[in-house]
Structures are given as C-alpha cells and as structure tokens.
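Undergrad: fold the following and give me the result.
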Amino acid sequence: MTDQFQLNFLLPFTFFVLGYFSSIGQNCPPNIDFENGNFNGWTCYTGSVTAVNGQNVITLVNSGGPVPNRHTMYSANSGNVLDPYGGFPVNCPNGSGHSIRLGNNATDGQAEGISYEFTIPPNQNVYSLIYHYAIVIHDPPHMLFQQPRFEIEITNVTDNKMLDCSSFNFIPYDSLPPGFFISSKKQDSTPVWCKNWSAVSVNLNGNAGKTIRLFFKTAYCTFLRHFGYAYIDVNSECNSEFVGATYCPDDITVNVTAPYGYQGYTWFNNNFSQVLGTQQTISFTPPPAAGTAIAVEIIPYNGYGCLDTLYARIIDTLTVVANAGIDTLSCNQNPVPIGTIPKPGLVYSWNPATGLSNPNIANPLASPNTTTTYILTTKHDGGGCTSTDTVTVKSLILDTSIQLIGKATYCINSSDSSVLIVQPTDSIQWFKDDKAIKGANQTHYYATQSGNYHAQLFYKKSCSINTTKQKIFIDKPKQGINYPEQYAVVNYPLQLQARTFGDNAVWSPSTGLDNPISYNPVFKNSSEQLYKISIKTISGCVTVDTQSVKILKELKIFVPSAFTPNNDGLNDFLRPLPIGIKEFTYFRIYNRWGQLLFELKSGSRGWDGTIKGKAQPNQVVIWMAEGIGLDNRIYRQSGTSVLLR
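TA: Numbers count the residues shown, from 1 in each chain. This is a model prediction of the structure:
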C-alpha cells in the first residue's frame, strides 16, 4: 500500500440536459444554506467508527443539536480565517454568509454527521441545488476499510433511491486524485491530503412533491490515530439559473456568472449552435435583448460529479436595494459589523472610509473613533440600479483605567489600605483573579485580600469592556522564632545567620557584630549576648527573631553524653558540636569491642543509632574526634556517650 489517495465512486458519470429553457426560480428550503447562522432545520449526529469483519462501520446517533468542535459554524464576518492544513478559507468563497466544518483533527475514532430533509413543491418539476465541500484528511498506511473518510449521500427518500451523480465516498488510499494536494503541515508524521472548495450540482428535475435528503458524514481511522474532517455549504439559490440572468434596465454591461467550484465552463446560445465563452463569467456589452436565452455546461473535477447544463433567460427586471444594516454601537473602537451578506453581481462602496476594515465590501467592520454616519452605495456590476442607504455607528469610549488610592503593597497590621476606583457608567462588576466578586458593583472597591483586580464596565447592555488590572499584595508578618544557641570562643570570630526572607535584617544590639544590618554578621566578643533580629519585608511587615550567643574560653569539640534516636525530633542523632573548630579531620564512633559503628561524612547529620538500617540496642559507645581550630592547631578528643531508646 502506498501513502496516497483513492476516490471510490458510487456510480459512473451521466450527462443531463434540460429539454427546454426555464426562468422559473425556486426558494430554497429554510436555512439549508446555514444563512441563519445556526443549524436550524439540520439534524446533527455524533458516533464512532469501527472495523468489523473487514468492513468499515460508521455508527451515528442524533446528538440533539450541534456538538462543540464537531459541528462548527463559520461566518464571513469572522474575517479571512484559513484552514491550518489546507490554507483555504473556512467559509466558502461562493459569497456565502455561513459555512460549517464537520469533524476536527482529533484522533479518537469518532464520527460525525449532518443531514437535511425537504420536499420539492408539487408541480415543480424543474428544480436543482448546488452544494460545496472542502476536505482535510489523514493518509495513514492502513487497509482501505480502516482509513478515515468523508461520505456524501443525496437520497430521494420517497423512492428510496440514491442520486448517484451527487453522492461520493472520499477515502485516502493508493493514489492522489485530481484536485487534492499534500499539506505542508503533518500530524504524527503522517501526510495530510487537502482539497479546496469544490461544487456539486444536484439535478432534481422531475421530482416534484418528493422528499430529498442531504447527508454528510466524517469518520476517523479505526485505529483511533488519524483524522478526517470536511467543510460544507449549500448555495442560496435553488434553481438552474445563475447570477446575472436578471440585469438592470440601465446597465451598460451584463455579467452572467455560473456557480463557483467547477473545473470548466462552456457557454452556448439558445440552440447550442454557438460557443459564447469558456470562463466562469461571461460578459455582454451592450446587454442583449431582454428574453435572450443562454446555457452553460458545467464540468466537474474528474470523478466528482456528473456533467450538467444550467439555463437562464436574460431579462431586464433586476432591482437593487442597498442595505447598510441597523444603527449600532462601537465600544472603545472594537470593530462591529455593518451592512449585510454580499450578493454576487453587486458592487459596494462606503463613504466615508474612515474606521472601516474595507470600504468596498457589503459587510465591513466599523471601528470609528467618533460617531459616524456611513453611506452605502450599491449598484449592479453592469453599472445600473444605483441605490443608497445609511447607518450610524455610535462611538463610545469608556475609560478603562483604575485609580489606586493608598498602597498596592502593605502589611495587614499597618494603617495602610488599597482603594480601587473606576469612572461611573451604567453598571460595574469587580473581579478578583478573574472571578466576579459578589455585590461589588460600585465605582469604589476596598481591596482586603491579595490578588489581581479589575472591573468590567457596562453601557446600556450593548457595550462592555474590561479595565486594566491592578495587583494588590497584603502581607502578613511571620511568627518570630528563637534560633539554636551558638557557641563562640573568646575573641574568635563566629558567623551568625538570620532567616533570609524579607527585604532587610537589623540586629540589636549591635555589640560584637561587624555589620548589624546584615543577614549574616560576624560575631567577635568576650562576653555572651542575646540579639533581636528585626526582619522587614518590602510590604512593611516586621518579624522579630532571637539569637543567643554563649562564650567559651577554649576551643574544643563537644559531644553529648547521651542521645535518644526515637524520631521525636529531639536529640535523635549523636554528632559533634565544634567550638572554635573550623574543619573536622574525623569523627568516629566505636562499640565496646572496638568495632567501627559510624564515621562522619560530608553532609551527614550524625549517627542515628542504626547499622545498615537496623536499630542498635541500648549501649555505651566510644567516640573519637579530631579537627583544626581557628588558631590552626590540631585538637583531638575522645569520650563516651550512651544510646538510650
């Protein structure tokens, strides 16, 4: 198997030509084109895919509505959002206001579906619609029945008959079909195949009164590792005519445009005796006589539908009504949409252009810095049917700053405080660490806890904005402690150490210290001293610790006469206490038979009364120690200590 793509079709091509011209148009079923911006009228499904006895089985159940990230709606007003793999727009470029994405790039064996059923009106034997799709799908090295896939089923429900030319299965396998390309982006080192937006015409002539179902499905690979998803849209015109078939009486040119997304177009006169053009759009200058009939043969990409022919009678009855939309509000120059969904064949121009994302489209985003009335001029692309409309965008600038009265950092036991103030507006909601504070709805807020504060400001329920954030830190002093007693030899230096939090430390009194405002001053004195260490934080909180320094008249190694290794945190280890000793040569412990029980090593806390993890019984042990004193002389001492449990 190769890492390429195979397209499985349900049935071969057919070529269908209407036996007469028709200028009859039909209204599409409600929201079949998603133009309401929702899934009303559509049935959404979720489920899973499995491999059973060499067959791919997609199981779907009604999900009761769209499921986030599995049935995703996109709007033309969202800007030029591109698919991350294919680089094509997520909203169909056929002029649609809304399109959907079915599925996502997760890898968990899921499947999705969406369907729409409608009944063709009675006596409406000339009826057609066009749907568009784009595909992003993994190409793993699996068997055909294990691959991810995208399925399209168009069914005549009344007759229980699938419409072959409009139904496909897209399965990555074997070879890359026309219209697909390899994405420059991979996932799990597996190639991703993409297909840009393409169109399929659904010819429903001769099916008056019958029920039709559109069903789109996506499914991932059966190994739960590779994905497939698709974008879907349906045209807003459900007939066999097309843009430009109706033109304005004052047009100087008529531009007739066939539906987007086909590989080729061939235009003919009414009896197919003359080819008029081979592009998607054909132009007539001056316009032909009203009632002139033309036809276009639309050629799908190889393997993606059946050859079809669409017809139109060109008549001069078009009217254009500009629609600038309803007056709206821009809050702090946040862009707001104006205008309406664009219609093919119309040209749009806004004045003034100030504050508009694009003054030459039907629905730009407006963000003026002052209240502005915009004039929309709409005309047909042939130059006629000029129409104007206006819309006013009110510009409201809310002050998003926070004023701080008091200090942003202070100690809780001081007289300081933090008061936050915002400018008055319709309503206010204060937040601490992005969580709303119940009842905090005034312009002033007294902060009594540490955190990041901001307010959300509201104006007439249509405008809301967040202020900047203000960090408040309310400190609490630590509990003071007594440090272990330190022993110093008369007139020999001893370095002391305070706890290292806070901003500064002050030792009091300063007697015998080289630097009383240091965290680690050096003591050198002939008499003992009790110190208070005031440690102050940047917030102003003060903690007072104490340090007692005892004086010894000689350098020595002190070892306790007993120790109790019972893990109570008191006297659990037997270790030496150096008095004026700057470096140990050794400290060893022996039992009464001369067996070495313990030797002090770097970082050791002392002997815990065990040998190889086994607790030793009560006994008298002998210790021997040697070290180098501050005077560089060698000191040796020995003695006994009692192990008590």
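Undergrad: report how many residues lie close to the closest residue to residue 290 other than its chain neighbours.
TA: Closest residue to residue 290 apart from its sequence neighbours, by CB to CB, 6 or more residues apart in numbering: residue 316 at 4.5 Å. C-betas here are computed from N, CA, C, even on glycine. For residue 316, the count of nearby residues is 17 (other CB atoms under 10 Å).
Undergrad: return the residues in contact with residue 316.
TA: 246-249, 251, 287, 290 (CB atoms under 8 Å, 6 or more residues apart in numbering).
Undergrad: 10 Å instead?
TA: 246-251, 254, 287-291, 384 (CB atoms under 10 Å, 6 or more residues apart in numbering).
Undergrad: just the buried residues out of those, in PyMOL syntax.
TA: Taking 16 or more other CB atoms under 10 Å as the burial criterion, the selection of buried members of the contacts of residue 316 in PyMOL is written as:
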select buried, resi 246+247+248+251+254+287+288+384
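Undergrad: list just the nearest of the contacts of residue 316 to residue 279.
TA: Relative to residue 279, the closest of these is residue 254; by CB to CB it sits at 14.5 Å.
Undergrad: could you check how far the residue nearest to residue 290 is from residue 281?
TA: 19 Å (CB to CB, to the nearest Å).
Undergrad: cool, residue 544 as well?
TA: Residue 544 is 87 Å from residue 281, by CB to CB.
Undergrad: quick check: residue 282 touching residue 258?
TA: Yes: at 8.2 Å, residue 282 and residue 258 qualify as touching, with contact defined as CB atoms under 10 Å.
Undergrad: ok, these two, which is more surrounded?
TA: residue 258 (23 against 18).
Undergrad: list the contacts of the more buried one.
TA: Contacts of residue 258 by CB under 10 Å, 6+ apart are 199, 242-244, 265-267, 277, 279-282, 296-298, 310, 312.
Undergrad: just the buried ones from those?
TA: 199, 242-244, 265-267, 277, 280-282, 296-298, 310, 312.
Undergrad: now for the residues you listed, which pair is the farthest apart?
TA: Most distant of these, by CB to CB, are 199 and 277, 18.5 Å apart.
Undergrad: so the residue most central in space within the chain, which state does it fall into?
TA: Centroid check for the chain by CA atoms, centre = their mean gives residue 69 as the closest residue, at 11.5 Å. Judged by DSSP: H, G, I helix; E, B strand; the rest coil, the three-state class of residue 69 is coil.
Undergrad: which phi and psi does it have?
TA: When read as degrees, to the nearest 10, the backbone of residue 69 gives phi 70, psi 0.
Undergrad: and the nearest residue in space to it that is not next to it in sequence, which of the three is it?
TA: In space, and not counting its chain neighbours, residue 69 is closest to residue 104: 5.2 Å by CB to CB, 6+ apart. Assigned with three-state DSSP, residue 104 falls in the coil class.
Undergrad: common neighbours of residue 282 and residue 258, please.
TA: 244, 265, 267, 296.
Undergrad: give me the low-pLDDT residue ranges for the stretch 1-150 of the chain?
TA: By pLDDT under 70, the weakly predicted segments of the stretch 1-150 of the chain are 1-27.
Undergrad: what does the chain give?
TA: 1-27, 239-243, 302-304, 602-603.
Undergrad: measure residue 63 to residue 364 for me?
TA: 36 Å.
Undergrad: and the two? Which one has more around it.
TA: residue 364 (22 against 17).
Undergrad: residues contacting that one?
TA: 77, 335, 337-339, 348, 350, 353, 355-358, 374, 376.
Undergrad: which two in these are spaced the farthest apart?
TA: Top of the distance list for the contacts of residue 364 (CB to CB): 77 and 353, 18.5 Å.
Undergrad: just want to know which of those two has more residues nearby.
TA: residue 77 (17 against 13).
Undergrad: and stretch 491-510, what's buried?
TA: 492, 494, 496, 498, 502, 505-507.
Undergrad: what's the closest of those residues to residue 150?
TA: Nearest member of the buried residues of stretch 491-510 to residue 150, counting by CB to CB, is residue 502, at 64.4 Å.
Undergrad: isn't that closest one up against residue 544?
TA: No: shown here, residue 502 and residue 544 do not form a contact pair, counting by CB under 10 Å, at 11.6 Å.
Undergrad: anything in contact with each of these two?
TA: Counting by CB under 10 Å, 6+ apart, the residues touching both residue 502 and residue 544 are 477-478, 534-535.
Undergrad: got those as TSV, with secondary structure and neighbour count columns?
TA: Below are the shared contacts of residue 502 and residue 544 laid out as TSV (DSSP: H, G, I helix; E, B strand; the rest coil; neighbours: other CB atoms under 10 Å):
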residue	secondary structure	neighbour count
477	coil	18
478	coil	16
534	strand	17
535	strand	22
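Undergrad: quick check: the farthest pair among those residues?
TA: Going by CB to CB, the pair spanning the shared contacts of residue 502 and residue 544 furthest: 478 and 534, at 11.9 Å.
Undergrad: which residues are in contact with each of these two?
TA: 502, 542-545.
Undergrad: are any of those residues buried, and if so which?
TA: Counted by 16+ other CB under 10 Å, those give 502, 542-543, 545 as buried.
Undergrad: ok, back up a step: buried only: go through the contacts of residue 364 for me.
TA: 77, 337-339, 348, 350, 355-356, 374, 376.
Undergrad: what's the closest of those residues to residue 462?
TA: The closest of these, once distances to residue 462 are taken by CB to CB, is residue 337, at 13.7 Å.
Undergrad: who touches that closest one in this structure?
TA: Per CB under 10 Å, 6+ apart, neighbours of residue 337: 75-78, 325, 328, 357, 363-366.
Undergrad: just put those in TSV and tack on secondary structure and distance to residue 581.
TA: As requested, those are exported to TSV (DSSP: H, G, I helix; E, B strand; the rest coil; distance: CB to CB, whole Å):
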residue	secondary structure	distance to residue 581
75	strand	80
76	helix	83
77	helix	80
78	helix	76
325	coil	88
328	strand	83
357	coil	79
363	coil	85
364	coil	83
365	strand	78
366	strand	81
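Undergrad: show the buried residues in these.
TA: Counted by 16+ other CB under 10 Å, the contacts of residue 337 give 75-77, 325, 363-366 as buried.
Undergrad: look up phi and psi at residue 545.
TA: phi -100, psi 170.
Undergrad: hmm, residue 531 and it touching each other?
TA: Yes: counting by CB under 10 Å, residue 545 does reach residue 531; the two are 8.7 Å apart.
Undergrad: hey, what's in contact with both of these two?
TA: In contact with both residue 545 and residue 531: 483, 498, 507, using CB under 10 Å, 6+ apart.
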